[in-house]
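Trainee: the following comprises the amino acid sequence and a computationally predicted model.
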Amino acid sequence: MGLLTWIVFGALAGWVASLLTGKKHGCLLNILIGVIGAFMGGMISHLFLGEGLNLRFNISSFAIAVIGSVILLILVRCASK
């Protein structure tokens with residue numbers, strides 16, 4: 001994926017994760033959360049399922065990115081308490 005695709009992918013994944021966790025963020029933070037969450041989700045998926053985040057924009061990659069982003073937001077929330 002190109003840089004613009006990663007930004008859009010990250011923004012969407014971060015936005016959905018923020019909706020699921022009930023924590024509102026701005027666009028830039030959603031992008032950052034989504035991109036980091038995609039990498040985290042890919043590592044977790046590779047560890048437990050043997051397959052990671054592929055570099056295509058599809059539903060399975062999006063789901064993995066959202067799950068990673070949700071986990072990231074939960075970890076950040078727990079660390080801030």
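Mentor: Nice, I can see it.
Trainee: remind me which residues of this structure are low pLDDT?
Mentor: Low-confidence segments of the chain, defined by pLDDT under 70: 1, 51-56.
Trainee: now the strands for it?
Mentor: With DSSP state E as the criterion, the chain has no strands.
Trainee: show residues contacting stretch 68-77.
Mentor: By Cβ atoms under 8 Å, 6 or more residues apart in numbering, the surrounding residues in contact with stretch 68-77 are 13-14, 16-18, 20-21, 23, 33-34, 36-44. (Each C-beta comes from the backbone N, C-alpha and C, glycine too.)
Trainee: swap in stretch 7-16?
Mentor: 1, 25, 27, 29-35, 37-38, 57, 61-62, 65-66, 68-69.
Trainee: just the buried ones from the residues you listed?
Mentor: 25, 30-35, 37-38, 61-62, 65-66, 68-69 (16 or more other Cβ atoms under 10 Å).
Trainee: number of residues surrounding the nearest residue to Ile64 once chain neighbours are set aside?
Mentor: The shortest distance from Ile64 to any non-neighbouring residue, by Cβ to Cβ, 6 or more residues apart in numbering, is to Gly41 (4.1 Å). Neighbours of Gly41 under the rule other Cβ atoms under 10 Å: 27.
Trainee: list the contacts of Gly41.
Mentor: By Cβ under 8 Å, 6+ apart, Gly41 lies in contact with 53, 64-69, 71.
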